[in-house]
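Undergrad: Turn this into a structure:
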Amino acid sequence: MKKCFSLWSAIALIVTVSACTKSSPARPSTVADSDAATSSVTDAKTGVTLTSPALVSPASNASLRFAEQPLTLTVRNGVSTGSTARTYTFQVATDAAFGAIVATKDNVAEGNGQTAVVLDKLAGNKTYYWRVRVNSGSVAGLFTAPRVMNIGPEVVLQAPVLVSPANGGNLSSQAPLIVNNVVRSGPAGALTYRFEVSDSNSFGNLVFTATVNEQSNQTQTIMNARLTTNGTYFWRARASDNSNGVTGPFSSAFTFKYVPFDLSQATIVNSPSDLAQWEETAKITSINITGDSFQVDFDRRDGPNRWPDVLPAGWSGPLQYTLGMCVNMNDHWFCSGVVQFWHGRTLTDSGNPGYINGDWFFDARWGPMMGYQPRDGELVGIFVGSGNLRDAHNVTRASCPAFCERSNVALIPWSTGGGVSYVFNAAKTLLKP
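TA: Okay, here's the model as predicted:
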């Protein structure tokens with residue numbers, strides 16, 4: 001027999017509840033009509049009346065990110081006329097009828113005003129239903145009407161793989177820190193990468209940090225920090241998906257030695273010895289490294305403001321500029337202009353990136369650079385100079401046959417196999433596929 005009534009409990013607390021009650025056995029299973037309503041049941045044997053709790057959070061139809069787990073379910077406490085301490089039963093199912101229960105938390109002790117329980121991690125990309133009942137000794141109350149919640153898909157980010165500087169390598173000023181983009185699973189959103197540089201392997205003191213948006217294939221940032229010359233540093237990176245609240249693990253830590261690049265401190269080999277004093281009037285704009293060449297472009301190669309042609313002694317035709325390279329050997333930089341370009345010569349005539357020792361520094365004219373081949377990931381400098389820089393020992397700014405100008409030195413990680421391009425924009429370097 002069911003009846004509607006207003007229940008007043010003045011023994012331990014004063015609560016007004018409008019509900020339908022049912023004289024019943026010890027374990028009723030009737031569900032209330034709404035998750036906002038309360039319902040009451042009176043045990044026929046003991047006469048104890050239990051009023052169901054009210055669901056508090058998560059809110060009805062909540063959409064939750066997978067990373068927000070573990071979830072906490074919270075209810076406003078139920079009411080009973082008995083003196084036995086109350087406990088709660090929480091259930092989570094994948095269907096509204098609770099035929100497929102995936103989580104149960106029973107005998108949860110009542111809290112102060114509200115009672116909460118932390119769930120074990122649930123599978124992602126699913127809709128769940130949850131409900132609660134209050135118990136007093138052997139008397140079980142009615143379950144609340146279920147609430148619906150959705151848990152989004154799981155997104156997993158792996159650690160980035162560090163590319164440059166290589167472990168134990170060197171880094172110069174304005175050289176990029178580069179990582180391979182992370183492997184991911186699930187519908188990841190836009191990623192950002194945090195780079196950290198420290199003077200200790202504990203990373204307790206960070207001398208440089210940067211957070212940048214993911215770029216294509218590889219992601220990089222230019223390090224701009226005051227470092228100690230020839231000092232040893234440690235660097236690492238990790239990726240985050242802020243839209244899904246996911247941060248991946250840090251990469252392993254690499255060490256590098258800071259060897260600042262200063263053209264005036266470099267040894268110029270087989271080229272004008274005062275090259276560092278030449279006016280810097282051009283900027284390297286892109287370097288595209290393929291399997292059999294590396295194409296270097298700069299802002300004064302073509303167009304109305306291009307460097308003019310000159311006619312070197314002994315040449316039958318004009319020459320515009322010379323392409324050069326700087327390499328770091330035993331913590332000292334050596335630079336030389338090697339490949340001569342006349343206006344219109346194809347940029348692919350630079351040489352094979354995996355055969356610099358044979359195509360560029362192939363004999364004793366290059367002194368300590370003879371036979372040198374940059375390794376994959378090794379930092380090198382690329383530059384161009386006006387006119388003929390090769391075998392130009394006697395050319396100086398004072399005796400320049402036409403004009404003596406050069407570009408900046410663009411520092412990049414070398415690739416013998418190609419497949420990378422560097423596009424330079426102002427002070428930043430963007431890595432392209």
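
Undergrad: C-alpha from now on. contacts and neighbour counts both.
TA: Noted.

Undergrad: Distance of Glu110 relative to Val118?
TA: Note on Glu110: its distance to Val118, by C-alpha to C-alpha, to the nearest Å, is 14 Å.

Undergrad: So for the two, which residue has more residues nearby?
TA: Glu110 (19 against 12; other C-alpha atoms under 10 Å).

Undergrad: Tell me who's in contact with the more buried one.
TA: For Glu110, the contacting residues are Asn77, Ala85, Arg86, Thr87, Tyr88, by C-alpha atoms under 8 Å, 6 or more residues apart in numbering.

Undergrad: beta partners for the closest residue in space to the second one that isn't next to it in sequence?
TA: With C-alpha to C-alpha, 6 or more residues apart in numbering as the criterion, Ala85 has its nearest non-adjacent residue at 6.1 Å, and that residue is Ser136. Per DSSP bridges, the residues bridged to Ser136 are Arg86, Val139.

Undergrad: Check the secondary structure at Gly358 for me.
TA: What DSSP: H, G, I helix; E, B strand; the rest coil gives for Gly358 is helix.

Undergrad: Skipping adjacent residues, who's closest to it in space?
TA: Gly358 sits nearest to Gly371 (C-alpha to C-alpha, 6+ apart), 6.6 Å away.

Undergrad: got the end-to-end distance for stretch 278-286?
TA: Per C-alpha to C-alpha, stretch 278-286 runs 22 Å from first to last residue.

Undergrad: Quick check: the gap between Asn330 and Gly371.
TA: For Asn330, the distance to Gly371 - C-alpha to C-alpha - is 15 Å.

Undergrad: repeat for Trp342
TA: 26 Å.

Undergrad: Then Leu275?
TA: With C-alpha to C-alpha as the criterion, Leu275 and Gly371 are 23 Å apart.

Undergrad: tally of neighbours for Phe256?
TA: With other C-alpha under 10 Å as criterion, Phe256 counts 21.

Undergrad: Enumerate every residue touching it.
TA: Contacts of Phe256 (C-alpha under 8 Å, 6+ apart): Pro165, Ala166, Asn167, Gly168, Gly169, Asn170, Leu171, Thr232, Tyr233, Phe234, Trp235.

Undergrad: between those residues, which is nearest Pro260?
TA: Using C-alpha to C-alpha, Leu171 comes nearest to Pro260 of the contacts of Phe256, at 7.2 Å.

Undergrad: I figured that closest one hits Tyr258, correct?
TA: Yes - with contact defined as C-alpha atoms under 8 Å, Leu171 reaches Tyr258; the gap is 5.0 Å.

Undergrad: Which one's more surrounded, those two?
TA: Leu171 (29 against 19).

Undergrad: Quickly note the distance from the more buried one to Phe261.
TA: 9 Å.

Undergrad: on that earlier part again, give me phi/psi at the residue nearest to Gly358?
TA: phi 70, psi 10 (degrees, to the nearest 10).

Undergrad: now do Trp366
TA: phi -100, psi 20.

Undergrad: so how far is Glu68 from it?
TA: In terms of C-alpha to C-alpha, Trp366 sits 61 Å off from Glu68.

Undergrad: burial of the residue nearest to Asp349 when sequence neighbours are not counted, as a residue count?
TA: Using C-alpha to C-alpha, 6+ apart and skipping residues adjacent in sequence, the residue nearest Asp349 is Ser293, 7.0 Å away. A total of 20 residues lie near Ser293 under the criterion other C-alpha under 10 Å.

Undergrad: swap in Gly344?
TA: For Gly344, using other C-alpha under 10 Å, the count is 9.

Undergrad: Check the one 3 residues further on too.
TA: Close neighbours of Leu347, defined as other C-alpha under 10 Å, add up to 15.

Undergrad: How about it, nearest residue that isn't a chain neighbour?
TA: Per C-alpha to C-alpha, 6+ apart, closest to Leu347 is Gln295, 4.9 Å.
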